[in-house]
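Participant: Predicted structure and sequence below. I'll ask about it afterward.
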There are 2 protein chains.
Amino acid sequence: MKGEFGVLEKILSKDLIKNLSIREYHRGEFLLALDERKILYLLEGTVYAVRYHDGEKIIHPYFFKPNQFIGINMYLQKDIRDWEMVAATKKVRAVVLDEKFLEEHMFNDAKILRFILERGSGVIRQGARGFFMRSHGGAKVFFAFIIMSNSVDGKMHFLKYNDIAHVLNVGRSMLYKLTGELVHEGCIEKNKDCINILDEEKLKRYYEEYMY
Amino acid sequence: MKGEFGVLEKILSKDLIKNLSIREYHRGEFLLALDERKILYLLEGTVYAVRYHDGEKIIHPYFFKPNQFIGINMYLQKDIRDWEMVAATKKVRAVVLDEKFLEEHMFNDAKILRFILERGSGVIRQGARGFFMRSHGGAKVFFAFIIMSNSVDGKMHFLKYNDIAHVLNVGRSMLYKLTGELVHEGCIEKNKDCINILDEEKLKRYYEEYMY
(Lines give C-alpha, C1' and ligand atoms only; values in the text may rest on other atoms or scores of the structure.)
Protein backbone atom coordinates (compact mmCIF):
# COMPACT_ATOMS: atom_id res chain seq x y z
CA MET A 1 0.00 0.00 0.00
CA LYS A 2 1.42 3.39 -0.97
CA GLY A 3 2.83 5.45 1.85
CA GLU A 4 2.07 2.81 4.44
CA PHE A 5 5.50 3.14 6.00
CA GLY A 6 5.64 6.94 6.07
CA VAL A 7 9.07 8.55 5.91
CA LEU A 8 10.74 5.14 6.07
CA GLU A 9 9.82 4.81 2.40
CA LYS A 10 11.88 7.89 1.65
CA ILE A 11 15.02 6.62 3.29
CA LEU A 12 15.03 2.86 2.77
CA SER A 13 15.18 0.81 -0.43
CA LYS A 14 12.04 -0.97 -1.67
CA ASP A 15 13.57 -4.33 -0.82
CA LEU A 16 14.08 -3.35 2.79
CA ILE A 17 10.63 -1.81 3.06
CA LYS A 18 9.08 -5.08 1.84
CA ASN A 19 10.59 -6.90 4.78
CA LEU A 20 9.43 -4.52 7.46
CA SER A 21 6.55 -5.61 9.60
CA ILE A 22 4.03 -3.59 11.53
CA ARG A 23 3.19 -4.44 15.11
CA GLU A 24 -0.02 -3.59 16.88
CA TYR A 25 -0.23 -2.66 20.54
CA HIS A 26 -3.14 -1.98 22.85
CA ARG A 27 -3.62 0.63 25.57
CA GLY A 28 -1.17 0.14 28.41
CA GLU A 29 1.10 -2.24 26.51
CA PHE A 30 4.83 -1.51 26.48
CA LEU A 31 6.42 -0.79 23.11
CA LEU A 32 9.87 -0.47 24.56
CA ALA A 33 10.88 -1.86 27.92
CA LEU A 34 14.00 -1.00 29.91
CA ASP A 35 17.25 -2.07 28.27
CA GLU A 36 15.71 -3.07 24.96
CA ARG A 37 17.96 -2.08 22.08
CA LYS A 38 15.62 -0.96 19.32
CA ILE A 39 13.80 2.04 17.99
CA LEU A 40 10.24 2.30 16.73
CA TYR A 41 8.64 4.32 13.99
CA LEU A 42 5.12 5.24 15.02
CA LEU A 43 2.34 4.89 12.42
CA GLU A 44 -0.84 5.28 14.44
CA GLY A 45 -1.84 6.26 17.95
CA THR A 46 -0.10 8.03 20.82
CA VAL A 47 2.71 6.66 22.93
CA TYR A 48 4.18 8.05 26.05
CA ALA A 49 7.45 7.69 27.79
CA VAL A 50 7.13 6.99 31.47
CA ARG A 51 9.55 6.81 34.32
CA TYR A 52 9.12 5.45 37.78
CA HIS A 53 10.32 7.50 40.69
CA ASP A 54 10.48 6.02 44.17
CA GLY A 55 9.14 2.72 42.84
CA GLU A 56 5.63 3.91 42.14
CA LYS A 57 5.02 7.35 40.79
CA ILE A 58 5.00 8.06 37.06
CA ILE A 59 6.79 11.27 36.27
CA HIS A 60 6.76 13.52 33.25
CA PRO A 61 5.75 11.56 30.20
CA TYR A 62 7.07 12.66 26.85
CA PHE A 63 4.47 12.01 24.19
CA PHE A 64 5.00 10.62 20.72
CA LYS A 65 2.76 11.07 17.71
CA PRO A 66 2.56 9.32 14.31
CA ASN A 67 5.60 9.73 12.05
CA GLN A 68 7.98 10.12 14.96
CA PHE A 69 10.83 7.83 15.88
CA ILE A 70 10.68 6.48 19.42
CA GLY A 71 13.74 5.65 21.47
CA ILE A 72 16.35 7.20 19.19
CA ASN A 73 18.15 9.18 21.88
CA MET A 74 18.09 6.23 24.25
CA TYR A 75 19.52 4.02 21.54
CA LEU A 76 22.38 6.35 20.70
CA GLN A 77 23.19 7.50 24.20
CA LYS A 78 24.06 4.51 26.21
CA ASP A 79 23.70 6.35 29.50
CA ILE A 80 19.95 6.90 29.26
CA ARG A 81 18.08 3.68 29.75
CA ASP A 82 15.48 4.49 32.33
CA TRP A 83 12.46 5.25 30.19
CA GLU A 84 9.74 2.91 29.01
CA MET A 85 7.36 3.51 26.15
CA VAL A 86 3.71 2.69 26.63
CA ALA A 87 0.67 2.80 24.31
CA ALA A 88 -1.74 5.52 25.42
CA THR A 89 -4.42 4.98 22.78
CA LYS A 90 -6.67 1.99 22.19
CA LYS A 91 -4.72 0.99 19.13
CA VAL A 92 -1.10 1.77 18.35
CA ARG A 93 0.72 0.65 15.22
CA ALA A 94 4.48 0.87 14.86
CA VAL A 95 7.38 -0.48 12.83
CA VAL A 96 9.96 -2.10 15.06
CA LEU A 97 13.55 -1.49 13.95
CA ASP A 98 15.76 -3.83 15.91
CA GLU A 99 19.45 -3.44 16.62
CA LYS A 100 20.52 -5.71 13.76
CA PHE A 101 18.42 -3.80 11.23
CA LEU A 102 19.56 -0.41 12.54
CA GLU A 103 23.23 -1.27 12.47
CA GLU A 104 23.12 -3.00 9.07
CA HIS A 105 20.80 -0.76 7.12
CA MET A 106 20.33 2.57 8.81
CA PHE A 107 23.04 3.79 11.12
CA ASN A 108 25.96 3.08 8.84
CA ASP A 109 24.56 5.52 6.29
CA ALA A 110 25.29 9.17 7.10
CA LYS A 111 22.31 10.46 5.09
CA ILE A 112 19.81 8.21 6.85
CA LEU A 113 21.30 8.85 10.26
CA ARG A 114 21.15 12.57 9.71
CA PHE A 115 17.59 12.39 8.42
CA ILE A 116 16.50 10.59 11.56
CA LEU A 117 18.46 12.84 13.85
CA GLU A 118 17.06 15.99 12.36
CA ARG A 119 13.74 14.69 13.63
CA GLY A 120 15.14 13.00 16.68
CA SER A 121 15.47 15.33 19.59
CA GLY A 122 12.22 17.20 19.05
CA VAL A 123 10.56 15.34 21.87
CA ILE A 124 13.33 16.11 24.35
CA ARG A 125 13.15 19.76 23.38
CA GLN A 126 9.38 19.71 23.78
CA GLY A 127 9.94 18.32 27.26
CA ALA A 128 12.47 21.02 28.15
CA ARG A 129 10.14 23.70 26.83
CA GLY A 130 7.31 22.26 28.88
CA PHE A 131 9.35 22.28 32.07
CA PHE A 132 10.34 25.86 31.43
CA MET A 133 6.62 26.71 31.22
CA ARG A 134 5.89 24.71 34.33
CA SER A 135 8.51 26.52 36.38
CA HIS A 136 7.93 30.00 34.99
CA GLY A 137 4.23 29.97 34.20
CA GLY A 138 2.75 27.45 36.61
CA ALA A 139 0.62 24.33 36.31
CA LYS A 140 -2.25 25.76 34.25
CA VAL A 141 0.05 27.22 31.58
CA PHE A 142 1.84 23.86 31.41
CA PHE A 143 -1.49 21.99 31.24
CA ALA A 144 -2.59 24.08 28.25
CA PHE A 145 0.74 23.38 26.52
CA ILE A 146 0.58 19.66 27.28
CA ILE A 147 -2.91 19.42 25.80
CA MET A 148 -1.95 21.30 22.64
CA SER A 149 1.42 19.71 21.99
CA ASN A 150 0.28 16.16 22.64
CA SER A 151 -2.96 16.09 20.74
CA VAL A 152 -3.61 14.37 17.44
CA ASP A 153 -6.66 15.58 15.49
CA GLY A 154 -7.75 17.71 18.42
CA LYS A 155 -7.68 14.90 20.99
CA MET A 156 -5.19 14.20 23.73
CA HIS A 157 -5.41 10.59 24.87
CA PHE A 158 -4.31 9.39 28.28
CA LEU A 159 -3.98 6.07 29.97
CA LYS A 160 -5.27 7.14 33.38
CA TYR A 161 -6.41 10.68 34.06
CA ASN A 162 -4.24 10.75 37.14
CA ASP A 163 -1.13 10.41 34.94
CA ILE A 164 -1.74 14.02 33.99
CA ALA A 165 -1.62 15.04 37.65
CA HIS A 166 1.85 13.47 37.83
CA VAL A 167 2.97 15.30 34.71
CA LEU A 168 1.71 18.63 36.08
CA ASN A 169 3.06 17.85 39.53
CA VAL A 170 -0.26 18.66 41.18
CA GLY A 171 -2.60 16.60 43.31
CA ARG A 172 -5.76 14.99 42.03
CA SER A 173 -8.04 17.73 43.35
CA MET A 174 -5.96 20.47 41.70
CA LEU A 175 -6.07 18.54 38.40
CA TYR A 176 -9.88 18.47 38.58
CA LYS A 177 -9.97 22.18 39.50
CA LEU A 178 -7.80 23.10 36.47
CA THR A 179 -9.78 20.79 34.20
CA GLY A 180 -13.01 22.40 35.43
CA GLU A 181 -11.66 25.86 34.69
CA LEU A 182 -10.62 24.96 31.14
CA VAL A 183 -13.98 23.27 30.53
CA HIS A 184 -15.84 26.29 31.94
CA GLU A 185 -13.82 28.64 29.70
CA GLY A 186 -14.83 26.58 26.66
CA CYS A 187 -11.25 25.45 25.91
CA ILE A 188 -11.73 21.71 26.29
CA GLU A 189 -14.20 18.91 26.93
CA LYS A 190 -13.23 15.88 28.98
CA ASN A 191 -14.11 12.35 27.88
CA LYS A 192 -13.39 8.96 29.35
CA ASP A 193 -10.07 8.37 27.64
CA CYS A 194 -9.24 11.70 26.06
CA ILE A 195 -9.49 15.47 26.23
CA ASN A 196 -11.14 17.12 23.23
CA ILE A 197 -9.83 20.52 22.27
CA LEU A 198 -12.65 22.98 21.58
CA ASP A 199 -10.75 26.26 21.33
CA GLU A 200 -7.11 26.07 20.22
CA GLU A 201 -6.59 29.82 20.19
CA LYS A 202 -7.64 30.22 23.81
CA LEU A 203 -5.37 27.39 24.92
CA LYS A 204 -2.41 28.85 23.01
CA ARG A 205 -2.89 32.22 24.68
CA TYR A 206 -2.06 30.60 28.02
CA TYR A 207 1.45 29.61 27.08
CA GLU A 208 2.50 31.69 24.08
CA GLU A 209 4.54 34.14 26.12
CA TYR A 210 6.65 31.22 27.40
CA MET A 211 7.11 29.68 23.97
CA TYR A 212 10.49 29.44 22.39
CA MET B 1 51.16 19.22 20.52
CA LYS B 2 49.77 15.86 21.50
CA GLY B 3 46.10 15.80 22.42
CA GLU B 4 45.65 19.48 21.74
CA PHE B 5 42.47 18.92 19.79
CA GLY B 6 40.85 16.45 22.19
CA VAL B 7 38.41 13.97 20.71
CA LEU B 8 38.68 15.60 17.29
CA GLU B 9 42.02 13.79 17.00
CA LYS B 10 40.19 10.50 17.36
CA ILE B 11 37.74 11.12 14.57
CA LEU B 12 39.60 13.21 12.00
CA SER B 13 42.66 12.38 9.90
CA LYS B 14 46.03 13.96 10.76
CA ASP B 15 45.87 16.07 7.61
CA LEU B 16 42.56 17.57 8.63
CA ILE B 17 43.69 18.15 12.20
CA LYS B 18 46.73 20.08 10.92
CA ASN B 19 44.45 22.57 9.24
CA LEU B 20 42.22 23.25 12.20
CA SER B 21 42.67 26.49 14.00
CA ILE B 22 41.88 27.44 17.56
CA ARG B 23 40.08 30.67 18.34
CA GLU B 24 40.23 32.56 21.58
CA TYR B 25 37.32 34.43 23.09
CA HIS B 26 36.99 36.67 26.11
CA ARG B 27 34.26 36.93 28.73
CA GLY B 28 31.00 38.12 27.22
CA GLU B 29 32.06 37.51 23.62
CA PHE B 30 29.72 35.53 21.39
CA LEU B 31 31.00 32.23 20.01
CA LEU B 32 27.88 31.58 18.01
CA ALA B 33 25.43 34.27 17.05
CA LEU B 34 21.89 33.79 15.75
CA ASP B 35 21.71 32.14 12.35
CA GLU B 36 25.37 31.21 12.15
CA ARG B 37 25.82 27.79 10.56
CA LYS B 38 28.70 26.22 12.43
CA ILE B 39 29.51 24.13 15.46
CA LEU B 40 32.30 24.56 17.97
CA TYR B 41 34.41 22.11 19.90
CA LEU B 42 35.27 23.61 23.26
CA LEU B 43 38.85 23.23 24.52
CA GLU B 44 39.00 25.58 27.51
CA GLY B 45 36.59 27.62 29.59
CA THR B 46 32.83 27.66 30.07
CA VAL B 47 30.27 28.79 27.55
CA TYR B 48 26.61 29.32 28.04
CA ALA B 49 23.68 29.39 25.76
CA VAL B 50 21.44 32.37 26.29
CA ARG B 51 18.09 33.37 24.99
CA TYR B 52 16.33 36.68 25.10
CA HIS B 53 12.73 36.76 26.16
CA ASP B 54 10.65 39.91 25.75
CA GLY B 55 13.62 41.73 24.31
CA GLU B 56 15.62 41.90 27.52
CA LYS B 57 15.59 39.01 29.92
CA ILE B 58 18.08 36.18 29.65
CA ILE B 59 16.43 32.85 30.29
CA HIS B 60 17.78 29.46 31.19
CA PRO B 61 21.34 29.16 30.01
CA TYR B 62 22.62 25.75 29.11
CA PHE B 63 26.27 25.46 30.04
CA PHE B 64 29.05 23.88 28.04
CA LYS B 65 32.32 22.53 29.35
CA PRO B 66 35.62 21.53 27.66
CA ASN B 67 35.40 18.57 25.25
CA GLN B 68 31.78 19.26 24.37
CA PHE B 69 30.43 20.21 20.98
CA ILE B 70 28.46 23.44 20.94
CA GLY B 71 25.58 24.10 18.57
CA ILE B 72 25.18 20.58 17.20
CA ASN B 73 21.42 20.34 17.75
CA MET B 74 20.90 23.81 16.35
CA TYR B 75 22.94 22.89 13.32
CA LEU B 76 21.04 19.70 12.60
CA GLN B 77 17.58 20.92 13.48
CA LYS B 78 16.80 23.81 11.27
CA ASP B 79 13.89 24.93 13.40
CA ILE B 80 15.93 25.92 16.45
CA ARG B 81 17.89 29.06 15.80
CA ASP B 82 17.14 31.23 18.75
CA TRP B 83 20.10 30.54 21.02
CA GLU B 84 23.37 32.38 21.22
CA MET B 85 26.55 31.06 22.78
CA VAL B 86 28.56 33.37 24.99
CA ALA B 87 31.91 33.00 26.79
CA ALA B 88 31.39 32.94 30.56
CA THR B 89 35.03 32.66 31.61
CA LYS B 90 37.89 35.11 31.16
CA LYS B 91 39.43 32.96 28.46
CA VAL B 92 37.67 30.50 26.18
CA ARG B 93 39.37 28.43 23.49
CA ALA B 94 37.44 26.56 20.83
CA VAL B 95 37.84 24.96 17.43
CA VAL B 96 35.40 26.43 14.93
CA LEU B 97 33.97 23.89 12.50
CA ASP B 98 32.23 25.79 9.76
CA GLU B 99 29.49 24.53 7.47
CA LYS B 100 31.87 23.71 4.62
CA PHE B 101 34.14 21.67 6.89
CA LEU B 102 31.24 19.87 8.55
CA GLU B 103 29.59 18.91 5.29
CA GLU B 104 32.80 17.86 3.55
CA HIS B 105 34.63 16.06 6.34
CA MET B 106 32.36 15.19 9.19
CA PHE B 107 28.67 14.85 8.49
CA ASN B 108 28.99 12.64 5.42
CA ASP B 109 30.66 9.97 7.53
CA ALA B 110 28.21 7.88 9.57
CA LYS B 111 30.82 6.92 12.18
CA ILE B 112 31.84 10.51 12.88
CA LEU B 113 28.26 11.73 12.90
CA ARG B 114 27.29 9.04 15.34
CA PHE B 115 30.29 9.70 17.56
CA ILE B 116 29.33 13.36 17.82
CA LEU B 117 25.67 12.63 18.35
CA GLU B 118 26.29 10.17 21.11
CA ARG B 119 27.74 13.15 22.94
CA GLY B 120 25.41 15.71 21.40
CA SER B 121 22.18 15.96 23.27
CA GLY B 122 23.63 15.67 26.77
CA VAL B 123 23.22 19.38 27.32
CA ILE B 124 19.56 19.40 26.31
CA ARG B 125 18.92 16.47 28.66
CA GLN B 126 20.74 18.27 31.43
CA GLY B 127 18.44 21.23 30.82
CA ALA B 128 15.32 19.05 30.92
CA ARG B 129 16.53 17.37 34.09
CA GLY B 130 17.19 20.78 35.65
CA PHE B 131 13.70 22.02 34.85
CA PHE B 132 12.22 18.91 36.34
CA MET B 133 14.09 19.70 39.54
CA ARG B 134 13.03 23.32 39.40
CA SER B 135 9.36 22.44 39.10
CA HIS B 136 9.33 19.51 41.53
CA GLY B 137 12.00 20.48 44.03
CA GLY B 138 12.03 24.28 43.96
CA ALA B 139 14.67 26.94 43.38
CA LYS B 140 17.22 25.82 45.98
CA VAL B 141 17.31 22.23 44.72
CA PHE B 142 17.75 23.56 41.19
CA PHE B 143 20.46 25.98 42.34
CA ALA B 144 22.45 23.12 43.90
CA PHE B 145 22.12 21.11 40.66
CA ILE B 146 23.13 24.08 38.48
CA ILE B 147 26.25 24.67 40.56
CA MET B 148 27.28 21.01 40.47
CA SER B 149 26.50 20.28 36.84
CA ASN B 150 28.07 23.44 35.47
CA SER B 151 31.29 23.53 37.40
CA VAL B 152 34.74 22.74 36.08
CA ASP B 153 37.40 21.91 38.68
CA GLY B 154 35.03 22.89 41.47
CA LYS B 155 34.21 26.34 40.12
CA MET B 156 31.10 27.60 38.39
CA HIS B 157 31.81 30.76 36.43
CA PHE B 158 29.17 33.30 35.53
CA LEU B 159 29.05 36.42 33.46
CA LYS B 160 26.86 38.45 35.81
CA TYR B 161 25.61 37.07 39.08
CA ASN B 162 22.12 38.17 38.19
CA ASP B 163 22.13 35.72 35.25
CA ILE B 164 21.74 33.02 37.86
CA ALA B 165 18.60 34.69 39.19
CA HIS B 166 17.15 34.43 35.69
CA VAL B 167 18.10 30.77 35.42
CA LEU B 168 16.48 30.02 38.77
CA ASN B 169 13.51 32.25 37.99
CA VAL B 170 13.82 34.11 41.26
CA GLY B 171 14.37 37.76 42.07
CA ARG B 172 17.74 39.26 43.04
CA SER B 173 16.95 39.24 46.75
CA MET B 174 15.93 35.56 46.72
CA LEU B 175 19.15 34.71 44.87
CA TYR B 176 21.17 36.39 47.63
CA LYS B 177 19.09 34.64 50.29
CA LEU B 178 19.73 31.22 48.71
CA THR B 179 23.41 32.00 48.18
CA GLY B 180 23.70 33.05 51.83
CA GLU B 181 22.11 29.81 52.97
CA LEU B 182 24.48 27.66 50.88
CA VAL B 183 27.47 29.69 52.11
CA HIS B 184 26.29 29.40 55.71
CA GLU B 185 25.88 25.62 55.34
CA GLY B 186 29.45 25.36 54.09
CA CYS B 187 28.47 24.17 50.61
CA ILE B 188 29.92 27.03 48.57
CA GLU B 189 31.93 30.23 48.67
CA LYS B 190 31.10 33.15 46.40
CA ASN B 191 33.78 35.04 44.53
CA LYS B 192 33.63 37.92 42.08
CA ASP B 193 33.26 35.85 38.93
CA CYS B 194 32.65 32.33 40.18
CA ILE B 195 31.17 30.11 42.85
CA ASN B 196 33.63 27.75 44.53
CA ILE B 197 32.27 24.41 45.61
CA LEU B 198 33.37 23.50 49.13
CA ASP B 199 31.20 20.46 49.82
CA GLU B 200 30.05 18.40 46.82
CA GLU B 201 28.30 15.75 48.90
CA LYS B 202 26.11 18.28 50.67
CA LEU B 203 25.14 19.93 47.38
CA LYS B 204 24.29 16.57 45.80
CA ARG B 205 22.04 15.67 48.70
CA TYR B 206 19.77 18.56 47.73
CA TYR B 207 18.87 17.17 44.33
CA GLU B 208 19.65 13.46 44.32
CA GLU B 209 16.06 12.40 44.87
CA TYR B 210 15.09 14.28 41.69
CA MET B 211 17.92 12.88 39.62
CA TYR B 212 17.28 10.64 36.67
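Facilitator: Cool, got the structure.

Participant: so for the helix or strand hosting A:V167, what's the average pLDDT?
Facilitator: According to DSSP states H and E, A:V167 maps onto helix A:161-168. The average pLDDT for helix A:161-168 rounds to 87.

Participant: so does it get close to chain B?
Facilitator: No. Helix A:161-168 is not in contact with chain B by CB under 8 Å from any CB of the partner chain; minimum separation 9.1 Å. Every C-beta, even on glycine, is put in place using the N, C-alpha and C of the backbone.

Participant: can you pull the buried residues of that helix?
Facilitator: Residues of helix A:161-168 classed as buried: A:Y161, A:D163, A:I164, A:A165, A:H166, A:V167, A:L168 (neighbour count, 16 or more other CB atoms under 10 Å in any protein chain shown).

Participant: Against B:S13, how distant is the second one?
Facilitator: Taking CB to CB, to the nearest Å as the measure, A:D163 falls 51 Å from B:S13.

Participant: for chain A, what are the low-confidence residue spans?
Facilitator: In the predicted model of chain A, residues A:1-3, A:53-61, A:79-82, A:120-122, A:124, A:212 satisfy pLDDT under 70.

Participant: At which residues are the strands of it located?
Facilitator: A:22-26, A:30-32, A:38-44, A:47-53, A:57-64, A:69-70, A:84-87, A:91-98, A:155-157, A:188-190, A:194-197 (DSSP state E).

Participant: Run the angle between the third one and strand A:22-26 for me.
Facilitator: Spelled out, that is strand A:38-44. Orientation of strand A:38-44 against strand A:22-26 (axes from the mean of the first three to the mean of the last three CA atoms, to 10 degrees) gives an angle of 80 degrees.

Participant: Sheet-wise, list the partners of strand A:38-44 with their directions.
Facilitator: strand A:69-70 (antiparallel), strand A:91-98 (antiparallel) (DSSP bridges).

Participant: what's it in contact with?
Facilitator: Strand A:38-44 is contacted from outside by A:4-8, A:22, A:31-32, A:47, A:64-72, A:75, A:85, A:91-99, A:102, using CB atoms under 8 Å, 6 or more residues apart in numbering or on different chains.

Participant: Equivalent analysis for the second one, please.
Facilitator: Where contact means CB under 8 Å, 6+ apart, the residues beyond strand A:30-32 that reach it are A:25, A:38, A:40, A:47, A:70-71, A:74, A:83-87, A:92, A:94.

Participant: Using PyMOL, make a named selection holding only the buried ones among those.
Facilitator: Selection of buried members from these for PyMOL, criterion 16+ other CB under 10 Å:
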select buried, chain A and resi 25+38+40+47+70+71+74+83+84+85+86+87+92+94
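
Participant: ok, what's across the strand from A:A87?
Facilitator: Going by DSSP bridges, A:A87 forms beta bridges with A:V47.

Participant: show me the contacts for it.
Facilitator: Per CB under 8 Å, 6+ apart, neighbours of A:A87: A:Y25, A:H26, A:R27, A:G28, A:E29, A:F30, A:L31, A:G45, A:T46, A:V47.

Participant: Please tell me I have it right and the fifth one contacts A:V86.
Facilitator: Which is A:E29. Yes. Between A:E29 and A:V86 a contact is recorded at 7.0 Å, counting by CB atoms under 8 Å.

Participant: list the buried ones in stretch A:166-181?
Facilitator: Neighbour count says stretch A:166-181 has A:H166, A:V167, A:L168, A:N169, A:V170, A:L175, A:L178, A:T179 buried, by 16+ other CB under 10 Å.

Participant: Stretch A:88-99 now?
Facilitator: In stretch A:88-99, residues buried by neighbour count (16+ other CB under 10 Å) are A:A88, A:T89, A:V92, A:R93, A:A94, A:V95, A:V96, A:L97.

Participant: Closest one of these to chain B?
Facilitator: Relative to chain B, the closest of the buried residues of stretch A:88-99 is A:L97; by CB to the nearest CB it sits at 15.4 Å.

Participant: Distance check, whichever residue of chain A sits closest to chain B against B:K204.
Facilitator: Of all residues in chain A, A:F131 sits closest to chain B, at 2.9 Å by CB to the nearest CB. As judged by CB to CB, A:F131 and B:K204 stand 21 Å apart.

Participant: repeat for A:L97
Facilitator: If you go by CB to CB, the gap between A:L97 and B:K204 works out to 38 Å.

Participant: re the thing from before, from the contact counts, what lies against the helix holding A:V167?
Facilitator: strand A:57-64, helix A:139-149, helix A:172-184 (3 or more CB pairs under 8 Å, 6 or more residues apart in numbering or on different chains; DSSP states H and E).

Participant: Mind putting those into TSV with distance to chain B?
Facilitator: Formatted as TSV, those follow (distance: least, CB to the nearest CB, whole Å):
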stretch	distance to chain B
strand A:57-64	6
helix A:139-149	8
helix A:172-184	14
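
Participant: In TSV: the ones you listed, plus distance to B:R125.
Facilitator: Formatted as TSV, the helices and strands packed on helix A:161-168 follow (distance: least, CB to CB, whole Å):
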stretch	distance to B:R125
strand A:57-64	11
helix A:139-149	18
helix A:172-184	27
